[in-house]
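A.B. asks: Just to be clear, the model below is a prediction. Sequence and coordinates:
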Amino acid sequence: MKILTIYATRYGSSATVAHWINERFILGGHTAECVNVAENPECGGYDAILLGSGIYSHKFLSEMEQYIASNIDELMLAKTALFGVAMRTETFFRRGNAYGGTVMLERYGAMLGQRCVAGRILGGEMIFEKLAETDKHRLEKFYHSIALSEAEQATRKNPRTLLNKQQCWEFAEEIINCLKS
Ligand SMILES: Cc1cc2nc3c(=O)[nH]c(=O)nc-3n(C[C@H](O)[C@H](O)[C@H](O)COP(=O)(O)O)c2cc1C
């Protein structure tokens, strides 16, 4: 099968995830390539297209949202799959609503329709000291809004990684199985 993986990233962890998934497709005997959405790749002529982004405030980066919206007709001709890369991968429930996890992918799945065969939130990475000032401020505002103690904030600001190649390969295997059926 001919598979294209397109990713959006701000700090590089989604690029790492996308390349690991792509590597597994190639090891499975598929013709696979991996491209940054910033290159505005042509998406015609593929059997499957995987779309992924770092998660910011429960959403894909705007460049990936715009890419999906602008190329929706072409994307719907292929089978598609989605992944987000985040520091909280599971869904959680608060005040009557579910947040996070694959719930965050629903809006994109709704655009892509029934040929969107798989979706997961995969572990990312965050190194607070390396973030742009605007992102540091956004995070600090968020930590205040959820009333984190100074100690909890300091823990969150430690370099943290959830990057996991095995998890990425398992997702690649799930996609390959979905494409067969
Ligand atoms: C401003 C900001 C907002 C974030 N929002 C979320 C979020 O809503 N949920 C989450 O699980 N992780 C969140 N993260 C963590 C990122 O999703 C994580 O660091 C991811 O690996 C970044 O991907 P990238 O390196 O490809 O840009 C946020 C990080 C920053 C800096």
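C.D. replies: Perfect, I can see it now.

A.B. asks: For burial, what's the neighbour tally of the residue of the chain found nearest the ligand?
C.D. replies: Nearest residue of the chain to the ligand: Gly124, at 2.1 Å (C-beta to the nearest ligand atom). All C-beta atoms are positioned from the backbone trio N, CA, C, and that covers glycine. If you count neighbours by other C-beta atoms under 10 Å, Gly124 ends up with 25.

A.B. asks: any idea how far it lies from Ala38?
C.D. replies: 18 Å (C-beta to C-beta, to the nearest Å).

A.B. asks: again with Lys141
C.D. replies: 27 Å.

A.B. asks: What values do phi and psi take at Gly54?
C.D. replies: phi -60, psi 150 (degrees, to the nearest 10).

A.B. asks: The closest residue in space to it that isn't next to it in sequence is in what secondary structure piece?
C.D. replies: The spatially closest residue to Gly54, leaving aside those adjacent along the chain, is Ser14, at 4.6 Å (C-beta to C-beta, 6 or more residues apart in numbering). According to DSSP states H and E, Ser14 maps onto helix 13-27.

A.B. asks: ok, Leu50 - contacts?
C.D. replies: Contacts for Leu50 (C-beta atoms under 8 Å, 6 or more residues apart in numbering) come out as Ile3, Leu4, Thr5, Ile6, Ala18, Ile21, Thr80, Ala81, Leu82, Phe83, Ile175.

A.B. asks: helix/strand/coil for the first one?
C.D. replies: Using DSSP: H, G, I helix; E, B strand; the rest coil, the secondary structure recorded for Ile3 is strand.

A.B. asks: Was I right to think the residue nearest to Gly54 contacts Gly52?
C.D. replies: Yes - look at Ser14 against Gly52 with C-beta atoms under 8 Å: they come within range, at 5.8 Å.

A.B. asks: Please enumerate the shared neighbours of those two.
C.D. replies: By C-beta under 8 Å, 6+ apart, the residues touching both Ser14 and Gly52 are Tyr7, Ala8, Val85.

A.B. asks: partners of the helix or strand harbouring the last one, with directions?
C.D. replies: Secondary structure from DSSP H and E places Val85 in strand 79-86. When pairing is defined by DSSP bridges, strand 79-86 lines up against strand 48-56 (parallel), strand 116-123 (parallel).
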